[in-house]
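A.B. asks: Okay, here's the prediction I keep looking at, along with the sequence it came from:
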Amino acid sequence: MTISLYLNRKTWVHQLDGRTKMLLVLGFFILALCFSHPGYLLGVLAVVVGGLAVAQAGVNVRKIWALAALLVCYSIMLWPFFVEGKTPVPGFHVLGVTWEGCVFGLGMGIRLLIMVWGGVWLLSTTTIEELAQASQRLGLPTRVGFAFSLAFRWVGILLGAGIGVIQAQRSRGLDLSSGTMVERIRKYVPLVVPIIGHALRQTNLLAMALESKGFHPSAQRFFHISGKMKKPDYVVLICLGMLVGVSGWMWWHGIGTLNVRF
Amino acid sequence: MSAQFSFYDPRRWWTDLIGVWQDTRLIVVVAQIAAIYAAILIPFKAGIPIIPGFVELRPANAIPIVASLLFGPAAAWGAGIGNIIGDCFGTLGPASVFGFLGNFFFGYLPYLMWGNLGCLSSGQSPMVKSWRQGLEYGLVCVVASGVCAGIIGWGVELLGLLPFIVLAPAIFFNNIVMGLILGPPLLGFLYPRVKRWQLLYEDIRPSFLTGENMGHSLETFSSENDSLFPFDAHAPSPLLVCREFSFSYSSQTTPALREISFSIAPGEFVMLLGRSGSGKSTLCYACNGLIPQMIPGLVSGEIEVCGEDTQALPVWKRANRVGLVFQDFETQLIGTTVGAELRHPLEYQEASLTFHDMNRRITHALSSVSLEVGLDRDPMRMSGGQRQRLVMASVLVQNPKLLILDDPSSDLDPGCRTQLRQALRQLRAEGMSMLLTEQDYEALPLANRVIVLDEGQLVWEGTPELLLRNPKMMRQRGIQPLALTECFEEHGCDPLPLTVEEAVVCAKKMNLMIEPSADVLDDTVRLGKQRPSLEGKSNPVIQIDGAWFQYEETPVIHDLNCVIYQGEFLALLGANGSGKSTLARLVNGLLVPTQGRIFIHNCDTRTTSTNELAKRVGLVFQNPDHQIFADTVWEEVAFGAKNLGCSAEEIVVRVRESLHAVGLPVEQSGGLDPFSLRKGERQRIAVASILAMRPTVLIFDEPTTGLDARETDWMMTMIRELNQQGHTIVMITHSMRLVAEYAQRCLLMDGGKFVADGSPRDIFHDAALVRAASLEIPLISQFSQRWGHTLLTVTEVKSSLKPQV
């Protein structure tokens, strides 16, 4: 079963070095954190949307639109109840809802969207192996990167096994939709146990297979795929650096931030 | 080192956490916990929302605490990474850092706290069997859940995404409910098994953490017998030399290998045959050095590869000398693309390899196994046969001198097996030295030499031809002889034929011809009492009426029409992807036709619940491990009957009846752990649990996959008996031998359609039709067709071989 969000396209952002893409996303996140005013955040969102368009990643945005919409709605709806302000909203004043709180909620909703879509952009343009390699070059220990990519690969296997398990138990009469809350939760035991058992039975075999192929925690890993930064990488990073620099300066001077109290 | 620190010493925590990354097995455990957590997190939702559409009760939240009590700090890393992987499906962002931290502590605190709560500690193993254990578990759960919720809630508010007061209680509630309700039964099931598999953290943590000498025991035991086949010291510089090698697993008293001596010359292809448990895999592991380096036990004798003792260097440093392909090829795939899979071994081996050299090696490895796929292809989108060959290529890319393949074709269909043989032929032509273990003999003609193992001993050695012409010895050693040779065994033909052409020559030489009698042709000889009668035709049990089915936009079932009658034994044939398994799930009600209808005993599957259909149609899945979850065989078999709402007395009657029907011991089943049994026995448990629901129709999806000749015979005899007791049998299989021997009727599928419906004799009569569906009729049928008759079994051929007039 395939689960990765990676889209195999030939765009120039796909060709960027993994490190550039990771730093770019980190830049998106920093930009989002520099502002809380919806107007400024919309500007940052426009940059992210542009990135998604260039990467032809619309299909992944559509895949998770419901989740993103819900998250944004929750942020917009919940914050006004926790933020103090001066201008009450008629009808909601009793609950302490103010226009300042609503504007802040809207800003936080957009910030959340920037972060979610920023993550989608990275995962749409970068394979898991690229991520692991870039992480190592940025200082993450090789073994951690390897465990991450191995786990990612195993999620696909276990999801495939999970479908088989659900079908096998349903065909033995397991009905997950009936019963009290406790009964319904307990009914997951016949689903979860075979999946865990399936994985753990392979532990020794997988460890042996890895060492047979030359892997060992103490072995050094040499990446042979061309990992040199090219001109577009430097251009993107310089632009990003300038954007982050300007945004940091604005944040320092309180431009684009809402002065709210909780 | 850390043994001198107290448990509350932060230095100990640090050493434990870092130590996880010093051991391959612990790294694998980290990855597996992460994968389990993410895989359960994504699809399993209890349907009980806390914040509608956003935070929902999820069974996955019990995983960190359960894993922590089993795998200690490995669970902490696993839970943290698992959470990030879960985020990779749409919510990856800065909040993922706090998700990682929260889950890290959720997976670490239980390990730290258990047994260290002073008077509140139970002093017992981490299960919930007594009230003291329950109290300790509850405390651990509350603290770990609270810390996790606090960290995530605080972090998310810090980023300005959601208020702490909303998110933290929701996460805490989720963790605590799942931890308290789902955690104890999961622990109760997993703890004893993980302990038996020696995977508890205390069993696998590296020796430098325990301060003990974890070096594998290399004790020796004295030889009692002289070897049957002593090593020939005069052979020209062999690549592999095995000298009187014996091995006992540390958990077993009887040796798995006894006094094995043999050698493999450069460029030689040696095949290792023998029944299940004869020691084939053990010998493969020993040749690679995995025994005793990673599998401890009692060793004597020695094995040398390229003149070096296999114990002299660690396994991972020998990857460019010996390559090993394990039986379960799925497990060995670690890359998300073909290129990543093939680059990975090189990244750990060759510092000086240039980009160009690496590509050359990859291209050569792919061509050696005749695999033509793009490097950016996802292995999970490839067929089983292609994935198997990709694993071979990922071993070959390291240029090993010796390639060992442990039962590589056991899970492949006939088409993929043919591709695998093609790859082996290519490798042999390139001069690769190979050691191959197999349960069948399709690849035998490729081998230079065969070694037969039985009960851990080398009992026969010779050429493939010599072996195949000795069916008596093959039967003695649990290897299925060639059907053609068996046909001529009693006629004193010398040499016995191995091919259809040889059989024809042999028959002519002995003045024999095929002249079947009426009782052969009307299936009396083949099926006996089971022979189909006209009476059953009046009672249809399954009616498929213009059924279509499609996954997303691709139709996989096209306008199927057929009727299956009471008491039939029907074989569903076709290549992989022809729609057989989908059809089985449609009949069982797990899937519903997108067009048309299917009736089971006149009940429409579209309007009848799966539970109701389960009483009529039982589906036995290919992999029994996808359903086994209970502590005992009895509970496992009773599961389906309980779900149907049977009374306690009724369940007892049904379980006893079902266990008896599949030949499992009724009395011991209450204390027998299903996970301790062999695959063939676990398959029987799966059948028994279906039988306990008393369905009239039984569907078997590849019931003999992965079973050896003896286990296959047991399984098929049992299925035949169930048919004789009145069950209608539908069997999905690739084994044409089993179809020929047991089936009354065949439905041949190709591209989601029925292309033939008839008796095996009728279907096999049209060899071209069968071949068009990527299958091959048995050799004895091909042989008998030379005389214009299609015979199916050895018995039929034997009774039809008559002197020519």
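C.D. replies: That came in fine, so what should we check first? Computed from a prediction, not measured in an experiment: that's the story for all the values here.

A.B. asks: What count of nearby residues applies to the closest residue in space to residue B:189 that isn't next to it in sequence?
C.D. replies: Residue nearest to residue B:189 in three dimensions, not counting chain neighbours: residue A:193, with 5.4 Å by C-beta to C-beta, 6 or more residues apart in numbering or on different chains. Where C-beta positions appear, they are placed from N, C-alpha and C, glycine not excepted. Per other C-beta atoms under 10 Å in any protein chain shown, the neighbour tally for residue A:193 reads 22.

A.B. asks: Counting by contacts, list what the strand or helix carrying residue A:193 packs against.
C.D. replies: Per DSSP states H and E: residue A:193 is located in helix A:189-201. On a contact count with 3 or more C-beta pairs under 8 Å, 6 or more residues apart in numbering or on different chains; DSSP states H and E, helix A:189-201 meets helix A:142-170, helix B:24-41, helix B:183-196.

A.B. asks: I would like the residues contacting the strand or helix carrying residue B:70, please.
C.D. replies: Using DSSP H and E, residue B:70 falls within helix B:63-71. Applying C-beta atoms under 8 Å, 6 or more residues apart in numbering or on different chains, the contact partners of helix B:63-71 are A:192, B:29, B:33, B:36-37, B:40, B:74-76, B:78-79, B:82, B:103, B:106-111, B:114, B:126, B:140-141, B:144-145, B:148, B:175, B:179, B:183, B:186-187, B:190-191, B:194, B:199-201.

A.B. asks: Stretch B:795-805 now?
C.D. replies: So stretch B:795-805 is contacted by B:483, B:486-488, B:490-491, B:507, B:511-517, B:520, B:525-526, B:780, B:783-784, B:789, B:791 (C-beta under 8 Å, 6+ apart).

A.B. asks: In it, which residues are buried?
C.D. replies: Within stretch B:795-805, the residues scored as buried using 16 or more other C-beta atoms under 10 Å in any protein chain shown are B:796, B:797, B:798, B:799, B:800, B:801.

A.B. asks: picking that back up, from the contacts of stretch B:795-805, which ones fall inside helices?
C.D. replies: Counting by DSSP state H, the part of those found in helices is B:483, B:486, B:487, B:488, B:507, B:520, B:525, B:526, B:780, B:783, B:784.

A.B. asks: For residue A:33, which residues are in contact?
C.D. replies: Neighbour list for residue A:33: A:111, B:94, B:159, B:160 [criterion: C-beta under 8 Å, 6+ apart].

A.B. asks: What are the buried residues along stretch B:648-666?
C.D. replies: B:651, B:654, B:655, B:656, B:658, B:659, B:661, B:662, B:664.

A.B. asks: Helix or strand: which one has the second one?
C.D. replies: Assignment of secondary structure by DSSP H and E places residue B:654 within helix B:648-661.

A.B. asks: Residue 137: neighbouring residues, count only.
C.D. replies: You didn't say which chain, so I picked chain A. Other residues close to residue A:137 by other C-beta under 10 Å number 16.

A.B. asks: ah, no, chain B please
C.D. replies: 23.

A.B. asks: residue contacts, it?
C.D. replies: Here residue B:137 is in contact with B:126, B:128, B:183, B:184, B:187 (C-beta under 8 Å, 6+ apart).

A.B. asks: can you list those residues in CSV and add pLDDT and distance to chain A?
C.D. replies: Formatted as CSV, the contacts of residue B:137 follow (pLDDT from 0 to 100; distance: C-beta to the nearest C-beta, whole Å):
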residue, pLDDT, distance to chain A
B:126, 89, 15
B:128, 88, 13
B:183, 93, 10
B:184, 94, 10
B:187, 93, 11
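
A.B. asks: Need the buried ones from those selected in PyMOL.
C.D. replies: Typed into PyMOL, the next command selects the buried ones out of those (criterion: 16+ other C-beta under 10 Å):
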select buried, chain B and resi 126+128+183+184+187
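
A.B. asks: tell me the centre residue of chain B?
C.D. replies: residue B:328 (6.2 Å; C-alpha atoms, centre = their mean).

A.B. asks: Can you give me the distance of it to chain A?
C.D. replies: 6 Å (C-beta to the nearest C-beta, to the nearest Å).

A.B. asks: for residue B:510, same thing?
C.D. replies: Taken as C-beta to the nearest C-beta, the span from residue B:510 to chain A is 50 Å.

A.B. asks: I'd assumed residue B:490 was in contact with that residue.
C.D. replies: No - judged on C-beta atoms under 8 Å, residue B:510 makes no contact with residue B:490 at a distance of 11.2 Å.

A.B. asks: okay, these two: which has more neighbours?
C.D. replies: Between residue B:510 and residue B:490, residue B:510 has the larger neighbour count (other C-beta under 10 Å), namely 15 against 9.

A.B. asks: what does the model give the more buried one for pLDDT?
C.D. replies: As predicted, residue B:510 sits at a pLDDT of 87.

A.B. asks: List the residues that contact it.
C.D. replies: Contacts of residue B:510 by C-beta under 8 Å, 6+ apart are B:491, B:493.
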